[in-house]
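J.: model this:
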Amino acid sequence: MTAMGRIAVSEDVEGIRDEENVGDDKEAKPNPESDTMDLTDEAPTSTPPQKEDKRGKYVATLTEVQDAFDSINTLRYSQPTHLQGKCQGLTIVPFNAGHTLGGTIWKIRSPSSGTILYAVNVNHMKERHLDGTVLMRQAAGGVFEPLARPDLLITDADRTSVITSRRKDRDLALIDTITSTLSSRSSLLMPCDASTRVLELLVLLDQHWNYSRLRYPICLLSRSGREMLTFVRSMMEWLGGTVSKEDVGEEGTGNRHANKRKRNEDDGDEEALGAFALRFKHLEFFPNPQALLQTYSSKDPKLILAVPASLSHGSSRHLFADFAAVPDNVVLLTGRAEEGTLGRDLFEKWDDSQRTDDKWDKGRIGSNIMMDGALKLRMNHKVPLQGAELEAHQEKERAAKEKEAAHQAAIVRNQHMLEADEDDSDSESDSDADEDEVRQVLEDDLMDTDGDGGEEGGRRKKADKGAGDVDWGIDGDEGLTKQFLSYDIYIKGNVSKATSFFKSSGGHTTRFRMFPYVEKKRRVDQYGETIDVGMWLRKGKVLEEDAETDEAKSYRLRSLAEEDARKAIREPPSKFVSSDVEIQLACRLLFVDMEGLNDGRAVKTIVPQVNPRKMIIVHAPPTATDALIESCSHIRSMTKDIFTPAVGESVQIGQQTNSFSISISDELLASLKMSRFEDNEVGYVTGRIVAHANSTIPTLEPLLTAPKTEKTVTQVPKKLNVLGARPTAKLPHSTMIGELKLTALKARLAAVGVQAELIGEGVLICGAGAKGQMGSDTLEESVAVRKTAMGKVEIEGNVSDVYYTVRQEVYNLHALVAA
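T.: Numbers count the residues shown, from 1 in each chain. As a prediction, this is how the structure comes out:
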């Protein structure tokens, strides 16, 4: 499920980025040679570019996580989807896998590889908040029909050698440990994940708290815990188990009225939506351990669920550092965690301390152990800068801002210059006449006013040369500032007079000098008037905002408000520090398997019933892989094509095929005999390919019959026909497409009045032999239909009406392609 995956990944990303420098700082380390400026006149020598060192840990940013999950298309179970682009031709169908909310078994239809079934992390057992996988149907007593007999099965075998204890025993051990620890005024720490298996724990704990009327707090340390429950309450169609039953009140009329009354009391809670079983009244949320200590003292008994389950970082690791040193506290593990993490080390320490018969994979519930000794942990923190470090950072930040501002100003200035040059070049051809006219008028004015000026006029012309030979009426002592001043208004004072260009009857009319104006014409190109792209973008944004629904608009506004709030609360400058801490262990440790996965008995039972043609085993140690292969080898009908690729090894699961487009002529199409198979029609065709000049697609036409030619006939003495004298001719073979299911054949035979019984090992007895009669007459009218491991069908029996009836029904269950 996209929402749950987004929450889980965001939780891990935030936790890691708050403790470690993951290498996303784009600023390079200072280089003393590059920081100094070269003031010599020599040409700089070219140095080869250095390769960027990309080693180290990389963790995606929150923006990258959000963008990645926004690109995911959410599908519903049993919804077929046809892929496009590079994956054109593939069809995928998701099915419920159990284990987690949104866990999926993928069925993939490929033109070259057939049907591929990807079934990893599957659980067939029903839980409190989830139903079991659809791969096994308890009512049908076998595998779900659409998932049976795939061409390829990809599955895991990590728990093949594991025997899981009963769910009742596991729940009892978990509840007893929690109750006894809290009653002794001690606390428990349960590392858990952020959004998947934590729901099963919360439902179990909430039921126990309500039944036993406990008053101890249940604390969930997670940044996204409240958001996760809000999503889950709005997705009731994905849930199952006892959660949906409690929501509709199937336990009785009295409980239904009690639940209704409780819901009415909780109406004030805006987040109490969805299932009543998911309104955890005893659960409290804390974003970090500091917030927990501000509410509850370290001596108060409480149950703490902290993420992540691996104890590799985040709240669970920081709490463990202080929690493990307190006697009588209990660290309760519910999963084995990943290799190389603190959670896996603690699990192995607990498992090694158990007796051989009480280990976790023997179907028993082990006992808690007292931890002793010292444990060294590397703790990562993010601390704010102080003193000289803070001043140096602020100075560096100030210099970076000034540099960025200067850079932006240079970009804007260059952009203005480019736009001005572009406007001048575009409008040059359109405005040359107007500019020439204005320039001519101005030159005439200067000639009229300065003709009698003599030396003074020469000085004025010299002073006005920097202004483009235009007199703006400025005094001679202001010549230095003339280059920087211009006026677009009427100027009083020193105003030159000029005669009009047109003559009048009364003589020359006086006019005053005005600002020279050049009309800017509209810019056009070969398609007409140029379009203001910015105006259209702004208009499109307005149209998109108008087309938004109220929910989308409110969500967008809320997101913008949250982003503004985040920007307003600016995080102080900080640095990452690491320290080695030595912990004196004094707490107790217990492991209870709550992973919710199939054990070895279920895997060895389900895989042979799926009966794939090929199988690939992934995500398993060599011992578990060998155990599953050995189990499958004892079953005669099970495939022998089992692959166990190592990490990085590739396996070819299909064949490279080439597809071509061809059209069938009407004459040939009319002579074809088509057989229906599933949603397709299949037929056998023989013809010749003809290319026409008026079409790019070749045409398949019938074979031409050879023209008759006249032959000279010679008399040959006739020989007697001898049996076997003719050469043997190879007859064309017909092809049957489909998968015969003996249960379907039994149903069809019963419909036509032929009794049939399955006797095991893929054999169906039809006719009188199915009635239990063992006489010689009954054996003659009995037919056996047998399926071999290679997919072949054998029909054995004497020639009788029953034989031909059974054979016809077998034909009817296939698509017959006649040669």
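J.: what about the helices in the stretch 101-250 of the chain?
T.: With helices called from DSSP state H, counting those that start in this stretch, the stretch 101-250 of the chain shows them at 167-183, 198-212, 225-233, 241-248.
J.: closest one to E397 among those helices?
T.: helix 225-233 (32.6 Å; C-beta to C-beta). Every residue, glycine included, has its C-beta placed from N, CA and C.
J.: residues contacting the closest residue to I689 other than its chain neighbours?
T.: Leaving aside its sequence neighbours, I689 sits nearest to P698 (C-beta to C-beta, 6 or more residues apart in numbering; 4.9 Å). By C-beta atoms under 8 Å, 6 or more residues apart in numbering, the residues touching P698 are I662, S663, I689, V690, A691, H692.
J.: average pLDDT for the helix or strand harbouring E404?
T.: Per DSSP states H and E, E404 falls inside helix 388-450. Average pLDDT, helix 388-450: 70.
J.: before we move on, the earlier item: dump the contacts of P698 into CSV; add pLDDT, neighbour count and distance to K539 as well.
T.: What follows is the contacts of P698, written out as CSV (pLDDT from 0 to 100; neighbours: other C-beta atoms under 10 Å; distance: C-beta to C-beta, whole Å):
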residue, pLDDT, neighbour count, distance to K539
I662, 86, 10, 49
S663, 87, 13, 48
I689, 88, 10, 55
V690, 89, 11, 56
A691, 87, 9, 52
H692, 84, 10, 51
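J.: in strands, which of those appear?
T.: S663, I689, V690 (DSSP state E).
J.: what does the one helix or strand L816 maps to contact?
T.: Following DSSP H and E, one finds L816 within strand 815-817. With contacts defined as C-beta under 8 Å, 6+ apart, strand 815-817 is touched by S675, R676, F677, V682, G683, Y684, S734, T735, M736, I737, G738.
J.: stretch 73-90 too?
T.: Residues from elsewhere that reach stretch 73-90, judged by C-beta under 8 Å, 6+ apart: 1-2, 91-96, 104, 108-111, 134.
J.: cool, and stretch 547-557?
T.: Around stretch 547-557, the neighbours that count as contacts under C-beta under 8 Å, 6+ apart are E545.
J.: using CSV, list the CA coordinates for that stretch.
T.: In CSV, the C-alpha atoms belonging to stretch 547-557 read as follows (Å, rounded to 0.1, in the frame of the first residue of the first chain):
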residue,chain,number,x,y,z
ALA,A,547,-10.7,23.3,-11.5
GLU,A,548,-9.5,21.9,-8.2
THR,A,549,-11.9,20.2,-5.9
ASP,A,550,-12.5,21.5,-2.4
GLU,A,551,-10.6,18.6,-0.9
ALA,A,552,-7.6,19.1,-3.2
LYS,A,553,-7.6,22.8,-2.6
SER,A,554,-7.8,22.4,1.1
TYR,A,555,-5.0,19.8,1.1
ARG,A,556,-2.8,22.1,-1.0
LEU,A,557,-3.4,25.0,1.3
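J.: tell me which residues touch G343, please.
T.: Counting by C-beta under 8 Å, 6+ apart, G343 makes contact with P191, A309, S310, L311, S312, L333, G335, R336, A337.
J.: do L153 as well
T.: Contacts of L153 (C-beta under 8 Å, 6+ apart): L117, A119, V607, V610, P612, K614, M615, I616.
J.: how about 6 Å then?
T.: Shown in contact with L153 (C-beta atoms under 6 Å, 6 or more residues apart in numbering): L117, V610, P612, M615.
J.: show only the entries of those found in strands.
T.: Per DSSP E, the contacts of L153 map to strands at L117, M615.
J.: ok, so of the contacts of L153, who is nearest E395?
T.: L117 (61.8 Å).
J.: redo the contacts of L153 as a markdown table? Include neighbour count and distance to L745.
T.: A markdown table is the format used below for the contacts of L153 (neighbours: other C-beta atoms under 10 Å; distance: C-beta to C-beta, whole Å):
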| residue | neighbour count | distance to L745 |
| --- | --- | --- |
| L117 | 23 | 24 |
| V610 | 21 | 20 |
| P612 | 24 | 21 |
| M615 | 24 | 26 |
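J.: between the contacts of L153, which is nearest A768?
T.: Once C-beta to C-beta is applied, the member of the contacts of L153 that ends up nearest A768 is V610, at 34.5 Å.
J.: about what we covered before: in ChimeraX, select just the buried ones from the contacts of stretch 73-90.
T.: Buried subset of those, written as a ChimeraX selection, criterion 16 or more other C-beta atoms under 10 Å:
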select :1,92,93,94,95,96,104,108,109,110,134
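J.: pick out the most distant pair among the contacts of stretch 73-90.
T.: Farthest pair in the contacts of stretch 73-90, by C-beta to C-beta: M1 and P111, 29.6 Å.
J.: can I get the helices of the stretch 101-250 of the chain in JSON lines including distance to R317?
T.: Below are those laid out as JSON lines (distance: least, C-beta to C-beta, whole Å):
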{"stretch": "helix 167-183", "distance to R317": "21"}
{"stretch": "helix 198-212", "distance to R317": "17"}
{"stretch": "helix 225-233", "distance to R317": "17"}
{"stretch": "helix 241-248", "distance to R317": "31"}
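J.: any idea which of the ones you listed gets closest to C587?
T.: Closest among those, using C-beta to C-beta: helix 167-183, at 10.2 Å.
J.: list the contacts of the closest one.
T.: Contacting residues not belonging to helix 167-183 are listed as L188, H208, Y216, P301, V330, I365, L590, V592 [C-beta under 6 Å, 6+ apart].
J.: same list (the helices of the stretch 101-250 of the chain) but as a markdown table, adding mean neighbour count, distance to S554 and mean pLDDT.
T.: Shown next, in a markdown table, are those (neighbours: other C-beta atoms under 10 Å; distance: least, C-beta to C-beta, whole Å; pLDDT from 0 to 100):
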| stretch | mean neighbour count | distance to S554 | mean pLDDT |
| --- | --- | --- | --- |
| helix 167-183 | 16 | 41 | 94 |
| helix 198-212 | 19 | 28 | 93 |
| helix 225-233 | 20 | 15 | 89 |
| helix 241-248 | 16 | 27 | 60 |
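J.: nearest to I583, out of those?
T.: Distance to I583, taken as C-beta to C-beta, is lowest for helix 167-183 among the helices of the stretch 101-250 of the chain, at 19.7 Å.
J.: still on that earlier bit, what pairs with the strand holding L816, parallel or antiparallel?
T.: strand 735-737 (antiparallel) (DSSP bridges).
J.: quick one: mean pLDDT for the partner strand?
T.: What strand 735-737 shows for mean pLDDT is 79.
J.: and the closest residue to G103 other than its chain neighbours, how many neighbours?
T.: The spatially closest residue to G103, leaving aside those adjacent along the chain, is A97, at 3.9 Å (C-beta to C-beta, 6+ apart). For A97, the neighbour count with other C-beta atoms under 10 Å is 24.
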